[in-house]
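Engineer: Got a predicted structure plus its sequence, pasted below:
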Amino acid sequence: MAWRQSTSSVAADVTATPAAQAIWFGSERAPLFGWYHRPAPGRSIGQAAVLCNPFGYEALTTHRSYRVLAEQLAAQGIATLRFDYEGTGDSSGEDPAPGRVASWQASIAAALAESRRRSRGLPVTLVGLRLGASLAMLAAAGDQHVAALVLWTPFIAGKHLVRELRAVRMMGEGESERTG
């Protein structure tokens, strides 16, 4: 019963939070798309967060969870920005373009700058999942103003990512042989 009551109060807080604002930011040459979740007036606790998406299928399966997370953070008073990296989602750029990792790092730097601008300089925490967590860790190493990191199952070595991608591909090939 207590869980149901706490869930209702979070839901009530989320509905009291202003709707997310669709934004374009970054360079005019390669604008990035994002959603800015502003806390309700008078609810800010003086912190901001930037959510760094995972990639591929993981990005698709966690999209709704990231939206709910951003809404709940805003309901708790944390200004939150979720965004698409260059060449992904609704942001500009081509997926197979060269220098992807560098452009994704630049995307996170632009998101940090935009979050600081919109939140009037609040301390920013980077939150990342899987490859997004690895990129967030790299971004934080290059930005002394990142206040904190939340890293969910980052890839700590490229060989781990490659091994997992190969395993997923091999499972897919096995599926097509059974259905074909």
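Structural biologist: Done, it's in.
Engineer: Just the element for Leu69, please.
Structural biologist: Following DSSP states H and E, one finds Leu69 within helix 56-75.
Engineer: so who does Ala59 touch?
Structural biologist: Applying CB atoms under 8 Å, 6 or more residues apart in numbering to Ala59 gives the contacts Asn53, Thr88, Gly89. Where you see a C-beta, it was placed from the backbone N, CA and C, and this is true even at glycine.
Engineer: circling back to that earlier point, by contact count, what packs against the helix or strand following the helix holding Leu69?
Structural biologist: Downstream of helix 56-75, the first helix or strand assigned by DSSP H and E is strand 78-83. In this structure, strand 78-83 packs against strand 31-37, strand 47-52, helix 56-75, helix 100-118, with contacts taken as 3 or more CB pairs under 8 Å, 6 or more residues apart in numbering; DSSP states H and E.
Engineer: export those to TSV and tack on distance to Ala20 and mean pLDDT?
Structural biologist: Formatted as TSV, those follow (distance: least, CB to CB, whole Å; pLDDT from 0 to 100):
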stretch	distance to Ala20	mean pLDDT
strand 31-37	4	98
strand 47-52	12	98
helix 56-75	7	94
helix 100-118	12	96
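Engineer: on that earlier part again, now the helix holding Leu69 and strand 47-52, what's the angle there?
Structural biologist: Direction vectors for helix 56-75 and strand 47-52, defined by axes from the mean of the first three to the mean of the last three CA atoms, to 10 degrees, enclose an angle of 170 degrees.
Engineer: Keeping just the C-alphas, turn helix 56-75 into CSV.
Structural biologist: Output of helix 56-75 as CSV, limited to C-alpha atoms (Å, rounded to 0.1, in the frame of the first residue of the first chain):
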residue,chain,number,x,y,z
GLY,A,56,21.1,1.1,-31.5
TYR,A,57,18.5,-1.3,-30.2
GLU,A,58,19.2,-0.3,-26.6
ALA,A,59,18.4,3.4,-27.5
LEU,A,60,15.0,2.2,-28.9
THR,A,61,14.1,0.1,-25.9
THR,A,62,15.1,2.7,-23.3
HIS,A,63,13.6,5.8,-25.0
ARG,A,64,10.4,5.8,-22.9
SER,A,65,12.4,5.0,-19.7
TYR,A,66,14.7,8.0,-20.3
ARG,A,67,11.7,10.2,-20.9
VAL,A,68,10.1,9.1,-17.6
LEU,A,69,13.4,9.5,-15.8
ALA,A,70,13.7,13.1,-17.1
GLU,A,71,10.2,13.8,-16.1
GLN,A,72,10.8,12.5,-12.6
LEU,A,73,14.1,14.3,-12.2
ALA,A,74,12.3,17.6,-13.2
ALA,A,75,9.5,16.8,-10.7
